[in-house]
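Visitor: build me a structure from this.
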Amino acid sequence: MYPWLRLARTALDRSGPGRVGIFETTTIRLRAWPNDLDINMHVNNGRYLTLADLGRFDWFRRVGLWEVAKQRRVYPVIGDVTAKFRRELRAFERFELRTRLVGWDDRWGFLEHRFVRAGRTFCVVAIRGVFTGPGGTMRPAEFLGELGLGLDSPPLPPWASHFHTAAEAISETLRAEERAAQG
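Guide: Numbers count the residues shown, from 1 in each chain. All right, here's what the predicted structure looks like:
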């Protein structure tokens, strides 16, 4: 079940810092509820991905990209995701979800979500995504240009480069399988 109430709270929350810079980290404070748990009584692996959606929405909104997306009639699409689970979050534990832009290339933007409790990272979710709409996919540099930012991406950290390479390899394998199936 998608956490609609959490999304509404995130959308209406004005207690944070307001507008932030493109490379700033945004933070939302959450609690692990019983409906977030799996049979092992800790936050379900899939729920981390759903909660990361909230962090992305908050980041897009605070950076100003959400308004640009609405004006351009484009929307964010996740192409690939990877997660590293380090520790368990249990029922009713409070934690922070910290979201930041890692960088981009000609096609993809890379974001990182950290689930942090008491200064320790419990999970990291990394995504590779694009903005797409009626005119197709917007290049990250073009999209950021809508904010008046003529920026170059910082160098991607090694883990993001490896993630990108692995995702491209999987995509190429799938394309080859589709071509083979079509004869």
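
Visitor: how about the strands in this structure?
Guide: With DSSP state E as the criterion, the chain has strands at 26-31, 75-85, 94-104, 109-117, 120-133, 136-138.

Visitor: helices or strands up against the fifth one?
Guide: In terms of contacts (3 or more Cβ pairs under 8 Å, 6 or more residues apart in numbering; DSSP states H and E), strand 120-133 is packed against helix 45-63, helix 65-72, strand 75-85, strand 109-117, strand 136-138, helix 158-182. Any C-beta I mention is one placed from the backbone N, CA and C, and that applies to glycine too.

Visitor: and the first one with strand 75-85, angle?
Guide: So the one you mean is helix 45-63. 130 degrees (axes from the mean of the first three to the mean of the last three Cα atoms, to 10 degrees).

Visitor: next one: the fourth one
Guide: Interaxial angle of strand 109-117 relative to strand 75-85 (the same axes, to 10 degrees): 50 degrees.

Visitor: can you show me the CA trace of strand 109-117 as PDB?
Guide: C-alpha atoms of strand 109-117 as PDB (Å, rounded to 0.1, in the frame of the first residue of the first chain):
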ATOM      1  CA  GLY A 109      20.300  11.800 -13.000                       C
ATOM      2  CA  PHE A 110      21.700  10.000 -10.000                       C
ATOM      3  CA  LEU A 111      20.100  10.500  -6.500                       C
ATOM      4  CA  GLU A 112      21.000   8.900  -3.200                       C
ATOM      5  CA  HIS A 113      18.700   8.200  -0.300                       C
ATOM      6  CA  ARG A 114      20.100   7.500   3.200                       C
ATOM      7  CA  PHE A 115      17.900   6.100   6.000                       C
ATOM      8  CA  VAL A 116      19.700   7.300   9.100                       C
ATOM      9  CA  ARG A 117      18.900   6.600  12.800                       C
END
